[in-house]
Structures are given as C-alpha cells and as structure tokens.
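1. sequence plus predicted model, see below.
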Amino acid sequence: MSDARAPGRITTGAELPAMSAQEVDFAIVGSGAGGGAAAAVLAAAGAKVAVLEEGGHYTKSDFNMQEAWAYPALYQEHGNRATEDLAIMILQGRNVGGGTTINWTSSFRTPPATLRLWAERHGIGDLDAATLEPHFAAVEARLDVGAGNPDDVNANNRKLLEGAGKLGWHPELIRRSVKGCARLGYCGMGCPLDAKRTSRTTFLADAIAAGADVYSDCRVKLVETDRGRARAVVAEVLDRAADRPRGRLIIHARKGVVLAGGAINTPALLLRSRAGTDSGVVGKRTFLHPTVPIVAFYDQPIEGFYGAPQSVSVHHFADRGARVGYFLETAPVHPMLGAIAVPGFGAAHRKLAERLPFVQATIALLIDGHHDDDGGRVDVNEGGRIRLRYPLHAALREAAIDALGNMARLQLAAGAREVMTLHETPIVIRSEADIARIADAPFVANGHTLFSAHQMGGCAMGGDPRRSVVNSRGRHHQLENLWIVDGSVFPTSVGANPQLSIYAHARLFATEIARTATETTR
C-alpha cells in the first residue's frame, strides 16, 4: 500500500455533479460505528478509502435540540421506519456518523455469555473475550468511555436505581462515551456540544485525516460483482431537501467492498444486488431487542427530558434459563417521543401529555435469538423497498408480560403514585395486587407500544456457509473481497447495548482486512 496521503474531506451530495465516478482501494458503505472504525484502520494502513453515507452531513451547529427537526434529518425513513405490520417502531440513524450521532451513549462490551453462545451454537470458536480485548480497549480509549458516573444519574434513572436496589436486583451504573458532557438530555437529537463521542468526531475524523474521503447524501443501491468478486458500488446522489435522487456516483473498488449500513440496510443491499445470496440466509435471523416501555407517575417532578438519558441498567433478568431474558434501562421522555409512545386520542391523550414532567419511563429490552426464536426477516420487494417482518411469538410475549410486571413492581418500590402500561387500553397499577392484571391483557402486535433502537443480525457470521453469510472476521463466504462490519453479523442479539460491540468487531475485522490486503500486494 502507499505512503501516508493528504487529508481527505467530506463531500455532500449537493457538491457532486449529476454523474461521477471514483476509483479507490476500498469502498465502505455506511459511516456509523462499523464504517467509521473500518475506515480509520484501513486509511491508517495506507489504503485509499471512500465512505458513502445515505444521510446528510451535520455538525454541532446544526443540532438544535428540536425533535421536529431531528427525526426527519437524522433517522432512517425520517423517523418512520417500522416493521411491516407497524407493530415495532425502528429508531435507526441516517447521517454522517450513523446511529452513533443519535444514540444515548451507553457503552457495554459483548457479554461473555453471548460469546460462549456464539461459540457453542454458531460455530464461532475464534472470537472470545481475549481476542476482542485489545480492540475493546482501543475503542473505549478513542471514545472516552469511562466508569459509570453517579453524577450522571438524573431523576429518571434514579428511580430505576432506587427501585431495583430495594428489590435486590443489582442495578449498575452505565459507562458512557462522552467527554465534557453537560447532561443536556438531547443525545437522541445530536449533541450540540460534540461532547458525545460519535463516529463522526472520532474514527471517521481519524480516517479523513489519513486521507479517506466521505460522500454524504449518497444512497448505495447496488453492489456490482463479477466472477465471485465485488467490483464497485453504485449510489444515488440525493437532493437532501426533497430526499429524491438527482444523480449517480459509482465507486470502483480495487481491493474490496466493506458493508456497514446497519442490520436492516446491509442485508437489503445484498438482496437488491443479488450478490452473495445463494445460501438463502441473507436477511434471516434479524434481531431487534424488542423494547417494552412502561411509565410511572410521581408526585414530585422527574423531568425525564433533562440529564443523561441512560446511566443505570439492571441485568438481573438477563438469564431466565429456558425463558427469554431481558434487561432494564430508562428512556428519555421528550414531548414528541412521549406522545408517540402513550396510547389514546384527544382529551385523554392531552391529559397524559400534561403530566409529562412527572413521568418516569422504564424500558425492558428482550434478548432475542438466544433460545429457539429465529427473530425477524429483512426482504426487499420488486421495487427494492425494504420490508422487515418480525413476529411476536409466544416466548417473546411471555418475556414482555413478565417484564411489565417487574417494571411495575420496581416503580412501586421506588415510590410511584401509579404505574401505567402502554397497552391499547392501558392498565393502571397502584398496588402489588394490580400487577396480576397485566397477565390477563393480551400482548399482541399493535396492542402495546414496542420499539427497537438495537438492530442486529441478518448477515450472521459463522463457520458453516450454509447457515451464515460471513466468517468470524467478517469476510463473505461467497464473495472473496466483500466484508461486513456492522451489527448484521451478530448471530443473535448481543444482550446489551450493541454500539461498543460493533466498534470493536469492526476494528478487529478491519485489522484483518488491512493485513490481508498488504499481503496480496507484496
């Protein structure tokens, strides 16, 4: 590979002509945790790198802490992505920095139990904690991930801490990827201080300094392949204001293509391209950590819209034996997000919204894929539009009902006046005796608020090409120079917030890509 290059730059779609083409060593699709880490490693190794991002390029001066601006600008499908039946709302990033721009900064390593499961059930024997350790350490250092800080615990999180502590459920402080955080509470809308350490402000910045070029407003539609090799990616250049194509950009990749578009977009891209899909497993086993919220009302103000969104977690129920496990965290309570989550219409809905300052929100994230469930499936229709199906099978419903009961129990222990489920017809709980009513209410699709901020799977890694898409270093089983470095490679859900896992796995994979590329040029 060549010597160090002059710095690259970020080119927006508006700066590109109607038709253009570039030739590089590696084309990277996506600029989030996986794409940013891979770009930094490959550019540092001397490769000529181009990163293509569907979303726009925004900086701290753009982040105005307004939900009405943030969801359309920074999220997939303008904040409207959902499963095909509309039962699960999908919160997923779409901007330079991807999901790291809008996540809530919680930073967990891949749980050892999950790595053991991957080894025992999915044939991934060379990806243990020791192998990942240097990559987690390097990523944590670059992202300024520090020990959980008691000063980060706002009233919303304190109720989770207090209730879980009283019940003996071992709450923990969450490590966060921040530096100079002012605890404004608007992490999900982009940090106006750049205190949140995102892909854009860390690894992507490193990649640009080492010569990588980033193209925003460029939606990759196809991966071009020839005789078992990926040759190029073809992108639509978008008019950002209209979100409509206005041109085309083709990036020819001499050494390879790296996919990091996320666990919904990456399998959809392969399916749309009809590239490396012979196994029939691309898009299958998609996992969401389906997330079940509950709200509690307190006499004193909680103001869950201020302070670090997440600073406390409870993993007491992560391992429930033969039953699906779950872990507990909080969600920030901003007006638009809150209004979408709570049920009802008209005056009843308005009355709930007026109580917003007194609301505490706890969420249970179901650990899907660790038992017999196959999760969901990503597909594309004839026009190339993404479809995500995710059935709520019996084991998930049982876990959700159990979680609702325990979250209600926790909030009563923390001193809530009343707790309310988010069923279509809510259940109001004021005492332990009321909790039993939760089991009597049907838990069905569109019968209770559900969302996902963690998308995983769909291009699982593994040793068997008949059951997986890539090997344990992200290399595609069929296409020798195509790699996947995002959360789609996880064969199950992680069982913890996956951002840090994606960064670390991508760094490991990119290190291997750089080594392989160097050997082939000798």
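-> Sure thing, it's come through.

2. in the helix or strand encompassing residue 517, what's buried?
-> Using DSSP states H and E, residue 517 sits within helix 499-520. Going by neighbour count (16 or more other Cβ atoms under 10 Å), the buried part of helix 499-520 is 499-514, 516-517. To be clear about C-beta, it is placed using only N, CA and C from the backbone, and glycine gets the same treatment.

3. just how off-centre is it within its chain?
-> 19 Å (Cα atoms, centre = their mean, to the nearest Å).

4. which other helices and strands contact it?
-> Using 3 or more Cβ pairs under 8 Å, 6 or more residues apart in numbering; DSSP states H and E, the elements in contact with helix 499-520 are strand 19-29, helix 33-44, helix 129-142, strand 244-259.

5. show the pLDDT at residue 521.
-> Listed pLDDT for residue 521 reads 51.

6. kindly report the same for residue 469.
-> 98.

7. check whether it really touches residue 276, as I assumed.
-> Yes. With contact defined as Cβ atoms under 8 Å, residue 469 reaches residue 276; the gap is 7.2 Å.

8. what about those two, which has more around it?
-> Set side by side, residue 469 and residue 276 show more neighbours around residue 469, with 31 against 22, by other Cβ atoms under 10 Å.

9. let me know the helix or strand that residue 232 is in.
-> For residue 232, the host element (DSSP H and E) is strand 229-239.

10. what lines up beside that strand in the sheet?
-> strand 218-226 (antiparallel), strand 244-259 (antiparallel) (DSSP bridges).

11. helix or strand right after the longest one?
-> Next along the chain after strand 244-259, taking DSSP H and E as the criterion, comes helix 265-273.

12. tell me the mean pLDDT over that next one?
-> In this model, helix 265-273 has a mean pLDDT of 98.

13. let me see the ranges of the helices in this structure.
-> With DSSP state H as the criterion, the chain has helices at 33-44, 67-74, 112-122, 129-142, 155-167, 203-209, 265-273, 335-341, 346-354, 394-413, 432-435, 437-440, 499-520.

14. need the winner for burial among those helices.
-> Mean neighbour counts were compared across the helices of the chain using mean count of other Cβ atoms under 10 Å; the top stretch is helix 33-44, at a mean of 31.

15. pLDDT on that one, on average?
-> Rounded mean pLDDT across helix 33-44 is 98.

16. so where's the protein uncertain?
-> Low-confidence segments of the chain (pLDDT under 70): 1-4, 518-522.

17. excluding chain neighbours, what is closest to the one residue sitting closest to the centre of it?
-> Nearest to the geometric centre of the chain sits residue 454, at 4.0 Å (Cα atoms, centre = their mean). Closest residue to residue 454 apart from its sequence neighbours, by Cβ to Cβ, 6 or more residues apart in numbering: residue 289 at 4.1 Å.

18. number of nearby residues for the residue nearest to residue 19 when sequence neighbours are not counted?
-> Distance criterion Cβ to Cβ, 6+ apart; nearest residue to residue 19, sequence neighbours excluded, is residue 248 at 5.5 Å. As a burial measure, residue 248 scores 17 neighbours (other Cβ under 10 Å).

19. so residue 495 is in contact with residue 115, correct?
-> No. Between residue 495 and residue 115 there is no contact under Cβ under 8 Å: 10.2 Å.

20. which ones are touching the closest residue to residue 452 other than its chain neighbours?
-> Leaving out its chain neighbours, the residue that sits closest to residue 452 by Cβ to Cβ, 6+ apart is residue 288, at 3.8 Å. Neighbouring residues of residue 288 by Cβ atoms under 8 Å, 6 or more residues apart in numbering: 88, 90, 368, 375-376, 390, 452, 454-456, 493.

21. looking at those residues, spot the one nearest residue 180.
-> Using Cβ to Cβ, residue 454 comes nearest to residue 180 of the contacts of residue 288, at 26.3 Å.

22. in contact with the closest one, which residues?
-> 288-289, 291, 365, 487, 493-494, 497-498.
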